[in-house]
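>>> What follows is a predicted protein model with its sequence.
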Amino acid sequence: MPRSSFLMRVIILGSGAGGGVPQWNSASPACILARAGTIPSRTQCALAVSSDGERWVLINASPDLRQQLAATPALHPKPGTVRGSGIAAVMLTGGEIDAIAGLLTLRERHAFVIYAAPTVLTVLAENQIFAALDATLVPRRAMPSGEAFDVADLRVEAFAVPGKVPLFAERDGADPGRSEDGDTVGLSISTPGAGTLVFIPGCAALNADIRARIRAADLLMFDGTLYRDDEMITAGAGLKTGARMGHMSLDGPGGTLAALHDIAPRRRVLIHLNNTNPVLLPDSAERHHVERQGWIVAEDGMEFSL
């Protein structure tokens, strides 16, 4: 794509929630159809963003990162090079396995910077396997909450989002409750003269700050994990509600569709889709409902320009 045709390029590397679609041990309707090739498969949630098509910032590093990079020509090494990559940085919105495990795929002595909230940097520091990323090549930097900073000519601002601690950090089976101290963050990303991307793949509740950021977005990618709060329970796929996992549901009086009905970014995309979510089924009533509300259901490989 010629440089003059865009100011910011956004590629969805992965649109699924943890486990992707099909999930390895799931026989949900969506997983059955994805295995048959009837609907698209979805890898675990991640983005690639660039201001120039040359230097790229990855947003989250899913366990599927190797597959995602192979499927995305813009991220391939240039012909004629022995080794190389346009990846300049990786920004993490949380410390869950499906956001950080792919960092280990990037251990082949390539220089880039990891940006994350201090709590997530602590998770990486406490797990020695991440020392496979040579600190002299891959420094780790804390993202200041609510303060804009520049990465590869992108202006980035991280902001706290209500969520919860990572699953592996929960203790004694206790309900961890809601965390609003930066364990989970959203990102606002822009370039001079371009629009603004707001990326919030996990959100337990909306507050005034988040609503204001969404209102200012030209492209919103928002948590679409579950359609109904008790979806996994009624499907026999798990024992937790969406709220227990730190996610708003789409449906219901307090759901995303109702909460954001009065906020209409030019483009709005549901991302981080769980394999039980009926919006994955193209002919479902739920899919038709979200599309009538103006939402796009994310698929891997979708690309947007701002």
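Ah, there it is.
>>> So which elements touch the host helix or strand of residue 115?
Applying DSSP states H and E as the criterion places residue 115 in strand 113-116. Judged by 3 or more CB pairs under 8 Å, 6 or more residues apart in numbering; DSSP states H and E, the packing partners of strand 113-116 are strand 87-91, helix 118-126, strand 140-142. Where you see a C-beta, it was placed from the backbone N, CA and C, and this is true even at glycine.
>>> Single out the most deeply packed of those.
Mean neighbours per residue, mean count of other CB atoms under 10 Å, is largest over these for strand 87-91, with a mean of 22.
>>> That one: partners in the sheet, and parallel or antiparallel?
strand 56-59 (parallel), strand 113-116 (parallel) (DSSP bridges).
>>> How far off centre is the first one?
Going back to what we said before, that points to strand 56-59. 11 Å (CA atoms, centre = their mean, to the nearest Å).
>>> helix or strand right after it?
Following strand 56-59 in sequence, per DSSP H and E, is helix 65-70.
>>> and that next one, which residues are buried?
65, 67, 68, 69 (16 or more other CB atoms under 10 Å).
>>> ok, now stretch 78-88?
Quick answer for stretch 78-88 (16+ other CB under 10 Å): 85, 86, 87, 88.
>>> Could I get the helices and strands packed on strand 113-116 in CSV, plus columns for mean pLDDT?
Listed next are the helices and strands packed on strand 113-116 as CSV, based on pLDDT from 0 to 100:
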stretch, mean pLDDT
strand 87-91, 98
helix 118-126, 95
strand 140-142, 97
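>>> okay if I get those as a markdown table plus distance to residue 273?
Listed next are those as a markdown table, based on distance: least, CB to CB, whole Å:
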| stretch | distance to residue 273 |
| --- | --- |
| strand 87-91 | 21 |
| helix 118-126 | 23 |
| strand 140-142 | 29 |
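>>> Need the contact partners of the least confident helix or strand in the chain by mean pLDDT.
One helix or strand of the chain scores below all others by mean pLDDT, DSSP states H and E: helix 231-234, with a mean of 86. Outside of helix 231-234, the residues within contact range by CB atoms under 8 Å, 6 or more residues apart in numbering are 226, 228, 238, 239, 240, 241, 242, 249, 274, 276, 277.
>>> pLDDT averaged over stretch 262-278 - what is it?
Averaging pLDDT along stretch 262-278 gives 93.
>>> With stretch 27-47 instead?
The model assigns stretch 27-47 a mean pLDDT of 98.
>>> can you check stretch 237-252 too?
On average, stretch 237-252 scores 81.
>>> now stretch 96-103
96.
>>> May I see the buried residues of that stretch?
Buried residues in stretch 96-103 (16+ other CB under 10 Å): 96, 98, 99, 100, 101, 102, 103.
>>> Sort out for me which of those residues are in helices.
98, 99, 100 (DSSP state H).
>>> For residue 157, name its beta-bridge partners.
Going by DSSP bridges, residue 157 forms beta bridges with residue 188.
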